[in-house]
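Enquirer: could you work out the structure for the sequence below:
(one chain, ligands or ions: 1)
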Amino acid sequence: MAFERSIVSQRRQWTLMLLMLVVAGRALCIRIPDRISEKATDPPANQLLKTAVFALGSFWRSEAVFGCLNGVVRTTVGYAGGSKTNPEYRSLGDHAESVQVEYDPRLITFRQLLDVFWSSHDSRQVFGQGPDVGNQYRSIIFTNGTEESRLAAASKEREQTKSKISIVTTQIQPLEAFYPAEPEHQKFELKRNPFLLQLIGNLPEEELERSSLAAKLNGYAAELCPVRIQKQIDAKINDIIKKGWPILREV
Ligand SMILES: *[C@@H]1O[C@H](CO)[C@@H](O)[C@H](O)[C@H]1NC(C)=O
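Expert: Below you'll find the model as predicted:
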């Protein structure tokens, strides 16, 4: 009897400890700002990251396309490809709306980014993209170094081979300068969704711009993630809603 009782009480102790852990965990989840989890999911060595810049129409959409990919750590919209210094949204001069993609080359390659670039817009449309008309929506692959130029040129050739009826208008040029756009254009799709913003803890602007999670959810908000990732995030959010867990910290 005494033996049984001690097992029971031991079980109770374990249960209690587990409960305490869960409660502590919950308390932590609530109090600690999202910054902590960002650190945990960011690759440890930032210097391993590479940067690529593409123009493929409205940069709101471009950012959403790339932000959702596994291996993409950060996205920033801005202006590139022109000569005007310090361009602004209402006076961007000869620049194109662009997205800068910071990525971990161990998880995604420049070549794969090129595939996404080609499949995410109509490179044959002249003087615009979709409903957006104008030189600022032109298609450009910005390159850094001869290897990237070679890969870009080869991918353009492949794209042109798919159909000879029209010309692929995409330009390939070395990146000279990238001017980040005004804050209101960063993570634009996510900002249109107050529920998602709240779900990640209403990050201040600066953090929002640097957050990998925000980049992913920006793509999710625009429904531009690959189907598998879109579903995965759906499930995660439903789970959070069910549990009443207040903050989404990673997807
Ligand atoms: C080009 O690549 C080199 C080496 O990877 C890097 O150090 C440099 O910052 C890059 N330049 C731009 C403009 O991204």
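
Enquirer: phi, psi of Thr169?
Expert: phi -90, psi -10 (degrees, to the nearest 10).

Enquirer: that one and the ligand: what is the separation?
Expert: Thr169 is 24 Å from the ligand, where distance means CB to the nearest ligand atom, to the nearest Å. C-beta coordinates here come from the backbone N, C-alpha and C atoms, glycine included.

Enquirer: Arg138 is in contact with that residue, correct?
Expert: Yes: assessed by CB atoms under 8 Å, Thr169 is found in contact with Arg138 at 7.0 Å.

Enquirer: leaving out sequence neighbours, find the closest residue to the residue of the stretch 1-150 of the chain found nearest the ligand.
Expert: Nearest residue of the stretch 1-150 of the chain to the ligand (CB to the nearest ligand atom) works out as Asn144 at 3.6 Å. Excluding its sequence neighbours, the residue lying closest to Asn144 (CB to CB, 6 or more residues apart in numbering) is Leu175, at 5.8 Å.

Enquirer: number of residues surrounding that neighbour?
Expert: 18 (other CB atoms under 10 Å).

Enquirer: and for the one 5 residues further on?
Expert: Here the count is done by other CB under 10 Å, and Pro180 has 14 residues near it.

Enquirer: likewise Glu63?
Expert: Neighbours around Glu63, by other CB under 10 Å: 31.

Enquirer: helices along the stretch 101-250 of the chain, start to end?
Expert: Here the stretch 101-250 of the chain has its helices, by DSSP state H, counting those that start in this stretch, at 110-119, 146-162, 188-191, 194-199, 205-210, 212-221, 227-243.

Enquirer: tell me the most buried of those helices?
Expert: Per-stretch averages of neighbours, counted by mean count of other CB atoms under 10 Å, single out helix 212-221 among these, with a mean of 25.

Enquirer: what does that helix rub up against?
Expert: Residues from elsewhere that reach helix 212-221 (CB atoms under 8 Å, 6 or more residues apart in numbering): 34, 37-38, 41-42, 63-69, 72-75, 187-190, 192-193, 196, 199-200, 203, 207-208, 225, 229-230, 233, 248-251.
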